[in-house]
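Student: heads up, no residue letters with this:
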């Protein structure tokens, strides 16, 4: 047997050669090797224990562990490096009749797992023992002149998926967890100086915005703010001296300070990022031995014109505005991100990227980014990026989370690896005999994305794609593949469960789209002897799906925290409400002003399809921004009516508000209209809860040939939800006519 010698430096393949001689670590049901540890300490003991455990799992032979300085026989030597190694780096080498594994800090653990992967052929596909593959070995050997030096390309590497609940997965693949590294993470202004404590007595600590002090952000030119922030960091650092990073970043809000002093800095630096970097630098000067991070995000995304971050200030640039259909170096919507990245590179050597790998509004919905992950990591590597926070679905499951986690784990360590080869390796190992069908599915869905020029949005939903890669026809093709895949692994419960977990995403799409279709084909309801009833088998299928979600450890369906019970309750309400008759469906609807193309729903048909809007603007709402809503329903012949009702969405978090005014007009002859109802509204007080607001008018029965509904939006957003570039939107779901 000949083994490759792979020399790796900084995570890259240096050269490949073949060795003729080998050290036999195990043969004929025994081993002459032991594990020799240089000195007892927590790290060395852990490394030796891991190696002993996996060797025994692969062979049933237990290698003895000793702590001698000298070794008279063969040994795998742990922690015998002649000099200190860079943190996270490791070395595996053979010398004479010994094998050496060394590493800097946790690099030693990473090196042991690489040995287990390369020499024992084990793999860590997913969380837990079930997600670990350890083949039984009749013989284990290693070339006599192996030398592997490996160091991760990115200093910070996080794949924020359910894998984080398994520390072994993290150690095996050399991943980080922000909670272990940051003493304070994310948006931190309000954590440092909580408005609930300080704003009432000291409004001057907070931003002067839109003509008054508001608690959105801090006033970064206020000397007392500076003093208090420094004092707060000093306290926290004393309590957590081991933390690597400390975030000093704006809240996840707009409203940066426009006072004279802050504005003067911002005008010089080209925007509010100027006063931010100026402030962060001042604080960082107090702690030269600590590392601070700050967010280049929303209003602070662009680099300042003149000032640069200090060496102990790291910038985390977000790619949030980029769509995900193509990779970051070529995706058109990522042009601003690429420009910002280039600008920040000129300002600092210490740049992290906050990137995105799930659809936050629908974790279970298929979000096929495979095929772009390798290109993303290679691009960030070329740009000199030092760290990546790849945000997925966190602790809850999302579609193909296992594959995305594995690809990110491997590529964050070495972005020069081939994503296609990694994908094939993972799918063959994780899905067994079903691999061909799963690979075909992965290829098919990406082909659809590219050929149909689909826009993948991290805040999208399955309705956006009901005519392309998630159309009923496309879903039938995927279903056929999953049927074949399940059939191939039906004798293996583990592989069968893994295939069925992929299918959860499509069952979720089916149910979400059923809301959209309502009483139509592919919808919830069907007509039976003149009555609308829930489609046969639909409730039973839904119950099986909900139970499967619990078995699959799905506890949230979206970033907003939609849990399974809330989702179930929503369906119960839908079943109870049923299908409501609507005379408007007998007429033709025309619009005077265009709706927002990004949320087309069913076009004009949305307004009389007998499907209500749910508390998500993506489902069955027709959206208008900048224009009034004006719809006319025309009947072929005079129609008797006595009530008209509409619903408008109020979702301030996404800038949807009730109309400023609503008018209902009737026409007997279809030409001349008379107003019969008008309501004027005030902008609501601060309230971020979701509402479907009804407006209904009843009257004595009369025959009409046309109905006109007019709704005018507010011209400006309220102060409590102000945005300099947005206007209030209005959304209507249906014109109900009785």
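Tutor: Now that the structure is in, tell me what you want to look at. Predicted model, so just to flag it, every value in this text is computed and none were measured. Residues are numbered from 1 along each chain as shown.

Student: count the neighbours of residue 98 for me.
Tutor: Using other C-beta atoms under 10 Å, residue 98 has 17 other residues around it. Where you see a C-beta, it was placed from the backbone N, CA and C, and this is true even at glycine.

Student: let's have the chain start at 32 instead
Tutor: Renumbered: residue one is now 32, and that last one reads residue 129.

Student: and it, what does it touch?
Tutor: Listed by C-beta atoms under 8 Å, 6 or more residues apart in numbering, the contact set of residue 129 reads 102, 105, 106, 107, 108.

Student: got the residue ranges for the helices in the stretch 232-381 of the chain?
Tutor: 254-270, 291-300, 304-316, 366-376 (DSSP state H, counting those that start in this stretch).

Student: report the buried residues of stretch 123-134.
Tutor: 123, 124, 125, 129, 130, 131, 132, 133, 134 (16 or more other C-beta atoms under 10 Å).

Student: circling back to that earlier point, now, of the contacts of residue 129, which are buried?
Tutor: 105, 106, 107, 108.

Student: how close does the second one sit to residue 391?
Tutor: Think residue 106. From residue 106 across to residue 391, the span is 50 Å (C-beta to C-beta, to the nearest Å).

Student: pLDDT weak spots in the protein?
Tutor: Residue ranges of the chain with pLDDT under 70: 32-51, 100-103.

Student: longest helix anywhere in it?
Tutor: Scanning the chain for the helix with the most residues, using DSSP state H, yields helix 524-548.

Student: which strands or helices does whichever helix or strand comes after it pack on?
Tutor: Counting by DSSP states H and E, the next helix or strand C-terminal to helix 524-548 is strand 556-559. Judged by 3 or more C-beta pairs under 8 Å, 6 or more residues apart in numbering; DSSP states H and E, strand 556-559 is in contact with strand 562-565.

Student: ok, and what's touching the strand it packs on?
Tutor: 550, 555, 556, 557, 558, 606, 609, 610.

Student: pull out the buried members of those.
Tutor: Buried among the contacts of strand 562-565 by 16+ other C-beta under 10 Å: 550, 555, 556, 557, 610.

Student: which one of the residues you listed is nearest to residue 78?
Tutor: residue 555 (56.1 Å; C-beta to C-beta).

Student: hmm, residue 608 and that closest one touching each other?
Tutor: No - between residue 555 and residue 608 there is no contact, the gap being 10.4 Å when judged by C-beta atoms under 8 Å.

Student: residue 663 in helix, strand or coil?
Tutor: Following DSSP: H, G, I helix; E, B strand; the rest coil, the label given to residue 663 is strand.

Student: tell me the contacts of it?
Tutor: Residue 663 makes contact with 620, 621, 623, 737, 738, 739, according to C-beta under 8 Å, 6+ apart.

Student: looking at those residues, which is nearest residue 730?
Tutor: The closest of those, once distances to residue 730 are taken by C-beta to C-beta, is residue 738, at 11.8 Å.

Student: tell me how far that closest one lies from residue 648.
Tutor: Taking C-beta to C-beta, one finds residue 738 at 24 Å from residue 648.

Student: do residue 463 as well
Tutor: Counting by C-beta to C-beta, the gap from residue 463 to residue 648 is 42 Å.

Student: give the helix, strand or coil label for the closest residue in space to residue 53 that isn't next to it in sequence.
Tutor: Spatial nearest neighbour of residue 53, chain neighbours left out: residue 172 (4.3 Å); criterion: C-beta to C-beta, 6 or more residues apart in numbering. Put simply, residue 172 is strand when judged by three-state DSSP.

Student: do residue 437 as well
Tutor: Using three-state DSSP, the structure places residue 437 in helix.

Student: got the contact list for residue 636?
Tutor: residue 620.

Student: again, but for residue 433
Tutor: Taking C-beta under 8 Å, 6+ apart, one finds 156, 157, 162, 457, 461, 529 in contact with residue 433.

Student: helix or strand for it, which one?
Tutor: Going by DSSP H and E, residue 433 is in helix 432-444.

Student: following that helix, which helix or strand shows up next?
Tutor: Following helix 432-444 in sequence, per DSSP H and E, is helix 450-462.

Student: so how far is that next one from its chain's centroid?
Tutor: Using C-alpha atoms, centre = their mean, to the nearest Å, the distance from the centre of helix 450-462 to the centre of the chain it belongs to is 22 Å.

Student: tilt between it and helix 432-444?
Tutor: 140 degrees (axes from the mean of the first three to the mean of the last three C-alpha atoms, to 10 degrees).

Student: now do the helix or strand following helix 450-462: distance to the chain's middle.
Tutor: For helix 450-462, the following helix or strand on the C-terminal side (DSSP H and E) is helix 466-482. The chain centroid and the centroid of helix 466-482 are separated by 21 Å under C-alpha atoms, centre = their mean.

Student: check which helices and strands helix 466-482 sits against.
Tutor: Under the contact rule (3+ C-beta pairs under 8 Å, 6+ apart), helix 466-482 is packed against helix 450-462, helix 503-520, helix 524-548.

Student: list the buried residues of that helix.
Tutor: By neighbour count on 16+ other C-beta under 10 Å, the buried set for helix 466-482 is 466, 468, 469, 470, 472, 473, 475, 476, 477, 479, 480.

Student: run a quick neighbour tally on the closest residue in space to the fifth one that isn't next to it in sequence.
Tutor: In other words, residue 472. Using C-beta to C-beta, 6+ apart and skipping residues adjacent in sequence, the residue nearest residue 472 is residue 512, 4.9 Å away. Each residue near residue 512 was counted by other C-beta under 10 Å, and the total is 21.

Student: what's near enough to touch residue 512?
Tutor: With C-beta under 8 Å, 6+ apart, residue 512 has these contacts: 468, 469, 471, 472, 475.

Student: spatially nearest residue to residue 423, not counting backbone neighbours?
Tutor: Nearest residue to residue 423 in three dimensions, chain neighbours excluded: residue 192, at 4.0 Å (C-beta to C-beta, 6+ apart).

Student: I misspoke; the intended subject was residue 204.
Tutor: By the measure of C-beta to C-beta, 6+ apart, the closest residue to residue 204 outside its immediate chain neighbours is residue 440, 3.7 Å from it.

Student: and residue 65, what element?
Tutor: Assigned by DSSP H and E, residue 65 falls in strand 64-68.

Student: contacting residues around the helix or strand following that strand?
Tutor: Downstream of strand 64-68, the next assigned helix or strand under DSSP H and E is helix 73-90. Applying C-beta under 8 Å, 6+ apart, the external contacts of helix 73-90 come out as 57, 60, 62, 66, 68-69, 92-94, 96, 107, 109-110, 132, 136-137, 139-140, 142-144, 146-147, 151, 153, 165-168, 171.

Student: same question for stretch 266-275.
Tutor: 212, 213, 214, 215, 277, 318, 321, 322.

Student: dump the residue contacts of residue 371.
Tutor: 327, 332, 333, 334, 348.

Student: again, only using 6 Å
Tutor: Contacts for residue 371 (C-beta atoms under 6 Å, 6 or more residues apart in numbering) come out as 332, 333.

Student: and the strands in the stretch 132-281 of the chain, which stretches?
Tutor: Along the stretch 132-281 of the chain, counting by DSSP state E, counting those that start in this stretch, strands occupy 154-155, 163-164, 171-174, 178-181, 187-191, 213-215, 237-240, 243-249, 276-278.
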